[in-house]
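Mind looking at a prediction? Sequence and model below.
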Amino acid sequence: MTVTRTHDVIVLGTGAAGLVAAVAAHDGGADVGIYEKAEHVGGTAAWSGGMVWMPDNPHMSALGVSDSSAEALTYIRSLTHDLVDDAVLESFVHHGPEVISWLEEHTPVEFKIIENFPDYHPTHPGAKKDGGRTLMCPMFPFADLGEWADRVWVGHQLPVNISLDETTFGEGASKGPSAEDVAARKATDARGTGQALVGALLKGCLDRGVFPYTNSPARSLIVRDGRVVGVRFASHASDSDAGDVEVHARRGVVLATGGFEQNKEMVRSFLRGPLERPVSVPTNTGDGLKMAMRIGAGLGNMREAWWAPTIDVDRPGLGRVPYLVNGERSRPHSIMVNRAGRRFANESANYNAFGAAFHYLDVSTYDYSNHPAWLLFDDYYMQKFGLAGYFPPAALPDWILTADSIDVLAKTIDVPVDELEATVRRWNTHAVVGNDPDFGRGESTLDQWWGDREVGAVSAANVAPLDTAPYYAVQVRSGALGTKGGPRTDPSGRVLDVDGDEIPGLYAAGNVMASAMGMTYGGAGGTLGPALVFGWLAGRDAASR
């Protein structure tokens, strides 16, 4: 039996883009229904660090940091290789500051700059090498969410009761919260990172009486006379009647369903190279993309993802899971090698750019010669930094391999002994003076940001010899935070068809849309910045129809 419900605007997905779209549509005068496929809300945004990359944001002036749309566009265009829709890119840059101000004025969301966090390509024209464009959210009390506090996705990489600037992303990483802070946070269930962003956005919805319908997988779009007028769902958990549910939309439907990185068939069909380890919620299987394709949406940027190197680690109750490696591969006393035992890239490069190294195809062997790879480090590294939550003297987990010498380590990981020994010798020869003549590691302010903060802003923060036995290795694979291809949109988030014409009543925002960033990742929070902007634009425009 079909149960019919009607809203002005339907939003599919409860990640950052969807939550913002719902709030914006409501404040535009629309009755909003927001629907979530999973039992939990928040999407991959809730698993993330919660950073938002927003050029010329209103918090920059307070720190005396100048910026402009022109500088931001110069920077992004220097990286895109002409693979983006320039009008959509301009829309992101021009509307970004307004969206930040609007959210802070109309929702519980607050932002502050992570000071000195450089853009991901700090030597490019228009970049901010001393930071200012990356925002974070302060701790948010989940006690304010009532019963919804336990219905937000929680990831396995970042602890929830810590502020982002108390992790390796921020200057306070070496200190961490005090015992008093921890106790106060527990009292209100205060959470940081992506939890803070999602919690505040969700509270904005709840305050407006917009309560997500969970366990509601969308099946298809309803089209009448060429216009999208609703969505067909599998039966909702809240409905007693079996069968599909038809929900109508008077003004529009906003797709905010995330990417397709968890759909192996789509990954194989569309992406430019290997993706073995998605680091995202398991429900990102391309539902919104398939619904849009069925009604003739034009696609863009389909080969791209928000690439990231990962390792496999054990987590209690979860088994072996992928773990994003950022600072871990940037710290001194470590290198990364391929199956030939050779270094192949600047290990400290931003994670999205590093994906290109995994996609290098050797034309002679017709193989991805750098994938998978190995992160190697010595005991100095292990004793000082640990890895992915492991610290000595705890028993060494079996996902970390070890040996007392480089030659034995080479045999352990099955790479040529002579090549690995030569690689380590060359590295050590130059590393003693903080130099990497092969890939320039440690020269960039971004490299130094991810390195050993106690050393300071010098190349030695990233570059030091592997000279303290025993030695360790962990396998590194190509992963992604999400995909970034999908329906093409106009600058307001309206979905376009294969001829470039608007599909009336259909919008897209977040990782389901063809990203305004193309193949690039401008800076920390480069996924969430566009998600907030196009969620806001789509929700507002849909409400106005």
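Received it, and whenever you're ready, just let me know what you need.

so how far does stretch 479-491 reach from one end to the other?
Taking CA to CA, to the nearest Å, stretch 479-491 runs 29 Å from one end to the other.

Run me through the strand neighbours of whatever helix or strand residue 248 lives in, direction for each.
Using DSSP states H and E, residue 248 maps to strand 245-255. If you go by DSSP bridges, strand 245-255 pairs up with strand 3-12 (parallel), strand 227-233 (antiparallel), strand 502-508 (parallel).

helix or strand right after the longest one?
Under the assignment DSSP H and E, the closest C-terminal helix or strand after strand 3-12 is helix 16-27.

other SSEs contacting the longest helix seen in the chain?
With secondary structure taken from DSSP state H, the chain has its longest helix at helix 86-106. The contact analysis (3 or more CB pairs under 8 Å, 6 or more residues apart in numbering; DSSP states H and E) places helix 86-106 against helix 16-27, helix 69-80, helix 528-544. Just so you know, the C-beta spots here come from the backbone N, C-alpha and C atoms, and that holds for glycine as well.

circling back: so what's the model's average confidence on the strand holding residue 248?
Mean pLDDT, strand 245-255: 97.

Measure how buried residue 66 is and give me the count.
A count of nearby residues for residue 66, using other CB atoms under 10 Å, gives 10.

rewinding a little: need the next SSE after the strand holding residue 248, C-terminal direction.
Heading C-terminal from strand 245-255, the first helix or strand you meet, by DSSP H and E, is helix 264-270.

Tell me the buried residues in the lowest-mean-pLDDT helix or strand in the chain?
In the chain, the helix or strand scored least confidently by mean pLDDT, DSSP states H and E is helix 179-188, which has a mean of 87. Using 16 or more other CB atoms under 10 Å as the test for burial, helix 179-188 gives 181, 185.

and it, how far out from the chain's middle?
Computed by CA atoms, centre = their mean, to the nearest Å, the chain-centroid distance of helix 179-188 equals 28 Å.

Run through the residues that contact residue 87.
Neighbouring residues of residue 87 by CB atoms under 8 Å, 6 or more residues apart in numbering: 490-491.

which element is residue 407 on?
Assessed by DSSP H and E, residue 407 sits inside helix 406-413.

Just the CA trace of the helix or strand just after that helix, in CSV.
Using DSSP H and E, the helix or strand that follows helix 406-413 in sequence is helix 417-431. Listed in CSV are the C-alpha atoms of helix 417-431, where the atom choice follows Å, rounded to 0.1, in the frame of the first residue of the first chain:
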residue,chain,number,x,y,z
VAL,A,417,66.6,-5.9,-0.4
ASP,A,418,69.3,-4.0,-2.4
GLU,A,419,66.8,-1.4,-3.6
LEU,A,420,65.4,-0.7,-0.1
GLU,A,421,68.9,-0.5,1.4
ALA,A,422,69.9,1.9,-1.3
THR,A,423,66.8,4.0,-0.7
VAL,A,424,67.3,4.2,3.0
ARG,A,425,71.0,5.1,2.5
ARG,A,426,70.2,7.9,0.2
TRP,A,427,67.5,9.2,2.4
ASN,A,428,69.7,9.1,5.5
THR,A,429,72.6,10.8,3.8
HIS,A,430,70.5,13.9,3.0
ALA,A,431,68.2,13.7,6.0
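
immediately after helix 417-431, which helix or strand?
Using DSSP H and E, the helix or strand that follows helix 417-431 towards the C-terminus is helix 445-450.

same question for that next one, mean pLDDT?
Helix 445-450 comes out at a mean pLDDT of 92.

My read is that residue 143 contacts residue 189, right?
Yes - between residue 143 and residue 189 there is a contact under CB atoms under 8 Å: 4.9 Å.

what touches both of the two?
residue 149.

Those two: which has the busier surroundings?
A direct count of neighbours by other CB under 10 Å for residue 143 and residue 189 places residue 189 higher, at 19 against 11.

Skip the chain neighbours and tell me the closest residue to that one.
Distance criterion CB to CB, 6 or more residues apart in numbering; nearest residue to residue 189, sequence neighbours excluded, is residue 142 at 4.0 Å.

how far away is the one you found from residue 303?
Distance from residue 142 to residue 303, counting by CB to CB, to the nearest Å: 38 Å.

ok, the two, which is more surrounded?
residue 142 (24 against 14).

tell me the contacts of that one?
Contacts of residue 142 (CB under 8 Å, 6+ apart): 149, 152, 188-191, 195, 199.

Pull out the buried residues from those.
149, 152, 189-191, 195, 199.

now for these, which pair is the farthest apart?
Within the buried ones among the contacts of residue 142, 152 and 190 form the most distant pair, 13.4 Å apart (CB to CB).

From the centroid of this protein, which residue is nearest?
Ranked by distance to the mean C-alpha position of the chain (CA atoms, centre = their mean), the top residue is residue 481 at 4.5 Å.

any idea of the mean pLDDT for the host helix or strand of that one?
Counting by DSSP H and E, the element that carries residue 481 is strand 471-483. For strand 471-483, mean pLDDT rounds to 97.

Kindly report the same for stretch 27-39.
Mean predicted confidence for stretch 27-39 is 98.

The chain should start at 898 in everything you say after this.
From this message on, residue numbering opens at 898, which makes the last subject stretch 924-936.

Okay, buried residues for it please.
Across stretch 924-936, burial judged by 16+ other CB under 10 Å covers 924-925, 927-935.

Looking at the residues you listed, point me to the pair that's furthest apart.
925 and 935, at 26.5 Å, using CB to CB across these.

What strand or helix carries residue 1106?
Assigned by DSSP H and E, residue 1106 falls within no helix or strand.

For it, give me the pLDDT.
98.

tally of neighbours for it?
Neighbours of residue 1106 (other CB under 10 Å): 9.

Would you check how far apart it and residue 1347 are?
On the measure of CB to CB, residue 1106 and residue 1347 end up 43 Å apart.
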